[in-house]
Structures are given as C-alpha cells and as structure tokens.
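Novice: Turn this into a model:
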Amino acid sequence: MKFIFADSMDMIDPTFDFESDRAGADREMYWGDVYPHEYFSTPPYQGVLVSRGIVGDDMFPGKYPEDLMMRFRRVGARKFLRLEGKLANMDIFGDCGAFSYVDREVPPYTPEMMLDFYADGGFTHGCSVDHIIFDFLPESRGMEGGTPEARRRFDITLENAAAFLKASKAMGKSFTPLGVIQGWSPDSMAVAGQRLEKMGYTYLAIGGMVPLNSDQVHQCLQAIRKKISSRVKLHILGFAKAEQIHEFTGYGIASFDSTSPLTRAFKDAKANYYLPGKQGGLEYFTAIRVPQATENARLKRKAKEAGVDQESLVKLEQSALRELRLYDRKGGSSKRACTAVLDYNREFLWDPKKSANANEIAMGKTQLALQRTLDEKPWKQCSCRVCSEAGIDAVIFRGSNRNKRRGFHNLAVYHQHFQKYAQ
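Specialist: So this is what the prediction gives:
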C-alpha cells in the first residue's frame, strides 16, 4: 500500500526566522521554498497527487499563481515538484479536480483533454473524468434508489471512463489509467467497479469518500470487493480517515491520497500536532494559539469595533511569545507561560454573542488543552528536523511558516505510523 500526498503548493521557507517573524533574506516564493520531500532526508510519502483543479487553467483558477501554472504546464509535474534525482521513480498521480466543477451540468474536461494534461505533465497515473455524486443511501440495494441527478452523474462518469481507457492506450506502458468509481450507495459503487473492470481497468479509484464516516467507508469497500476480482487494485481518493488506516487493511487497497496529516496542523480545533502513541496508534496535541496581533482578522475587527487599544494587544502577544520561549529554554515556568497565553487568548476567543458563563467554560477547555501541551512538551519528544530546528515554535499556531512546518512534522510522524500497516 502506498500513501500518496495530495499537494496543494504546500511549501515552507527553510530560512524563516521565528524570533523576528520574518522570511529569510532574499526569499523568493516557490524558488526558495521547499516541499516536504525536499525538507526531510526521507520523503514522508510514496507519491504525490496533483489535481488539475489545484493547478488551474483558463476555465478554473486554481491555487497556483498564473506564472507557476504556466511553468507547471511547460516543464511538467516531475520537474515542477522537484521529484528528480533520487526521487525520479516516485509515482505522480493526477485527477481532474471534480470538486472545482461540482455545480456544472457536465465536466468541463473531455477524456482526451485530461490525457493531454497527464501526458504534458509526465504523470505516471491518471484518473478518468468523473462527476461527483453527493447522495449516499447505505440501505439501497443493487441499483435501487438514487436521484435522477445521481444516476445521470453515474452514467457520465462511466461513459467518460470507457472513452478515457480507450484513448489512454496511446500513452504507453509508462502510464497507468485509473477508472473512477462514483455512486449513491455501496451497491451502486460496486456495480460501477464491476463495469469498470469489464471495460479493462486493473486499477480503480474510489471517489465520494470524503464525507462518509468509517462504517460507511467499510460498507463501500466491502461491496466493491465482492464485485471485482482480487487482481484489481484500489485507490481511495481524498481519504479523510488516513489516521485510521489500520482499520482498512483487509480490502486490498493499493494506494490512497490524503492531505489530512498536514491540514490538521492548522484546520483542526484540537488535534494539531502528532506523536506516536504509546498503544501503537497516534497521540494528538493542541497547538498553542498566538496569532499576530496586527494581522489576525478577529483581533483587527475587535480593535475597530470595540475600540481595543492595539498596542495593548501587541504587548499581550509579545508577553505570550516571551514566556513560551523562556519556558522552552528552562528559564521560565509552565504556569507563567500558560497565564500569558490565556490572557492573550481571551482577546480573540471571547465571544460577545455568548454569555459570560459559556465563554468561561470555553476558556476552561482551552486552558486544559494548553496546560497539557505545555506540561508534556511534545516537541521535546520528537527528533524530526522540524522540532529540532523550531523548538517550541513547532507547536505555536501562528502564520503559515509555523503552521505548515507543524504539518510537515505530522506527515513525518504519520508516515512512520503508516508503514506499520503498509505491507
């Protein structure tokens, strides 16, 4: 089984100065920044997935600035992602980015257009053109249920897959086409898988998994596996349950893509920092929130609406950072650091629309999570490059260069965890 990292221009400045909160001298975004596979001596994944919806084109603006989008199309995925040299054999998966056109009547790309994209980019694996189905009816049997719209998208996805497979033969043996499964129930997904295998696909990508809970994902995998042969490989697109991979090892999953170890570093309310768990799983810690007083949207709004003195906010911010660094260097105390951070947190976590009691309860929960992170010092328990170089800044929730570094750390810890179940 392979862990494929779904890239979204997730890079960091390796020369960022935490003390001054400044980028390195003469930094050029992209050119001076690094990917996780460049930052670590061992890549924390076995491949990279690039979505056309992320790269962007003249129909949909992606996350790439226009100059980088043009560079990607010009030099190809491998050179753009710097997967050369010792990384020259790493898999590069691609998909069409169906979420970017979910509201359209039909996908804006034809199978031939996507194959041109994959050929120009030098992809090793590419998904057929699908149309997302959001309905999910776990009790439906066979091809029962499903709205007319779901059925229409089901047919479009299979029609595109047939044309995609036929045209992909011109790409040669260096390219592996994946037929995408969409459906409104486990059984309809299984029927889609069966039809794709009959077309000639030997590698299938399962879409629509993101909003499903663990039990529903199990139901889908069980149904699909019953309908397809064991020689057919499975890939799970956007596997949001990556941390629970040990629960899904019995389905012959060859690969899955996910961004969750990285994005949870700054999108999750509690589980921002990973460590190997004592019982074999993963342990999670809450990052210490110290946003930039002059740039944080909530603090700027509060200063404007409530007439809060911004100089006072800056003093609270600097006090929190100072006490945290003193604590990290054994010159301070956990109590003082916790108090300084909470004094600052009150300024942006306090919700005037809620009662004082509700706010105090919320602050109490924040204090418990903060105290646990400070007391256990998880950054001292990790020897990865992020924690070795950043120290306590690895657990401070503040700006992209810290937050994505913590995401890089999570990728490294997750990859170590994943390898236990990869065989």
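Novice: Show me the strands in the stretch 101-250 of the chain, by range?
Specialist: 125-127, 176-181, 203-206, 233-236 (DSSP state E, counting those that start in this stretch).
Novice: how about residue 110, phi and psi?
Specialist: phi -90, psi 160 (degrees, to the nearest 10).
Novice: does it really touch residue 128, like I thought?
Specialist: No: the pair residue 110 and residue 128 does not pass the contact test of C-beta atoms under 8 Å, sitting 10.9 Å apart. Glycine gets a C-beta too; all of them are placed from N, C-alpha and C.
Novice: residues in contact with residue 242?
Specialist: 3, 256, 258, 260-261, 414, 418 (C-beta atoms under 8 Å, 6 or more residues apart in numbering).
Novice: swap the cut-off to 6 Å and go again
Specialist: 258, 260 (C-beta atoms under 6 Å, 6 or more residues apart in numbering).
Novice: got it, and residue 179?
Specialist: 128, 161, 196, 201, 204.
Novice: Same question for residue 201.
Specialist: Contacts of residue 201 (C-beta under 6 Å, 6+ apart): residue 179.
Novice: likewise residue 122?
Specialist: 76-78.
Novice: Would you reformat the residues you listed as CSV and include distance to residue 210, neighbour count and secondary structure?
Specialist: Below are the contacts of residue 122 laid out as CSV (distance: C-beta to C-beta, whole Å; neighbours: other C-beta atoms under 10 Å; DSSP: H, G, I helix; E, B strand; the rest coil):
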residue, distance to residue 210, neighbour count, secondary structure
76, 28, 16, coil
77, 23, 23, helix
78, 27, 18, helix
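Novice: okay, those in TSV with pLDDT and distance to residue 57 next?
Specialist: Output for the contacts of residue 122, formatted as TSV (pLDDT from 0 to 100; distance: C-beta to C-beta, whole Å):
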residue	pLDDT	distance to residue 57
76	96	15
77	97	14
78	97	19
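Novice: hmm, back to that, from the contacts of residue 179, keep the buried residues only.
Specialist: Buried residues within the contacts of residue 179, counting neighbours by 16 or more other C-beta atoms under 10 Å: 128, 161, 196, 201, 204.
Novice: Report the rounded mean pLDDT for the helix or strand containing residue 283.
Specialist: For residue 283, the host element (DSSP states H and E) is strand 282-285. Averaged across strand 282-285, pLDDT comes to 96.
Novice: That strand: which residues count as buried?
Specialist: Residues of strand 282-285 classed as buried by neighbour count (16+ other C-beta under 10 Å): 282-285.
Novice: Now the residue nearest to residue 22 when sequence neighbours are not counted: phi and psi?
Specialist: Residue nearest to residue 22 in three dimensions, not counting chain neighbours: residue 16, with 7.4 Å by C-beta to C-beta, 6 or more residues apart in numbering. With angles defined as degrees, to the nearest 10, residue 16 shows backbone torsions of phi -60, psi 140.
Novice: Could you double-check that residue 16 sits in contact with residue 402?
Specialist: No: using C-beta atoms under 6 Å, residue 16 and residue 402 do not qualify as a contacting pair, with a distance of 8.2 Å.
Novice: More neighbours: those two, which one.
Specialist: Neighbours per residue, other C-beta atoms under 10 Å: of residue 16 and residue 402, the larger number sits with residue 402, 24 against 21.
Novice: element containing the more buried one, please.
Specialist: Assigned by DSSP H and E, residue 402 falls in helix 399-418.
Novice: tell me the average confidence for that helix?
Specialist: 96.
Novice: Could I get the buried residue list for it?
Specialist: Quick answer for helix 399-418 (16+ other C-beta under 10 Å): 399, 401-415, 417-418.
Novice: so how far is that helix off the chain centroid?
Specialist: Chain-centre distance of helix 399-418: 10 Å, with C-alpha atoms, centre = their mean, to the nearest Å.
Novice: again, but for stretch 126-135
Specialist: For stretch 126-135, the distance to the chain centre is 19 Å (C-alpha atoms, centre = their mean).
Novice: Please apply the same query to stretch 315-328.
Specialist: So, by C-alpha atoms, centre = their mean, the centroid of stretch 315-328 is 30 Å from its chain's centroid.
Novice: ok, now stretch 365-376?
Specialist: Per C-alpha atoms, centre = their mean, the centroid offset for stretch 365-376 relative to its chain is 25 Å.
Novice: Also stretch 413-423?
Specialist: Its chain's C-alpha centre and that of stretch 413-423 lie 17 Å apart, by C-alpha atoms, centre = their mean.
Novice: how's the chain carved up into domains?
Specialist: Taking automatic domain parsing as the domain assignment, the ranges for the chain are 2-258, 288-399.
Novice: TSV for those, including distance to residue 269?
Specialist: TSV is the format used below for those (distance: least, C-beta to C-beta, whole Å):
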stretch	distance to residue 269
domain 2-258	15
domain 288-399	9
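Novice: circling back: tell me the one of the contacts of residue 122 nearest residue 324?
Specialist: residue 77 (39.8 Å; C-beta to C-beta).
Novice: need the helices for the stretch 151-300 of the chain, in chain order.
Specialist: 186-199, 214-227, 260-267, 297-305 (DSSP state H, counting those that start in this stretch).
Novice: Residue 383 and residue 242: what is the separation?
Specialist: Going from residue 383 to residue 242 by C-beta to C-beta, to the nearest Å gives 23 Å.
Novice: can you check residue 326 too?
Specialist: For residue 326, the distance to residue 242 - C-beta to C-beta - is 36 Å.
Novice: One more: residue 62?
Specialist: Distance from residue 62 to residue 242, by C-beta to C-beta: 23 Å.
Novice: Quick check: residue 124 touching residue 92?
Specialist: Yes: the criterion here is C-beta under 6 Å, and residue 124 meets it with residue 92 at 5.2 Å.
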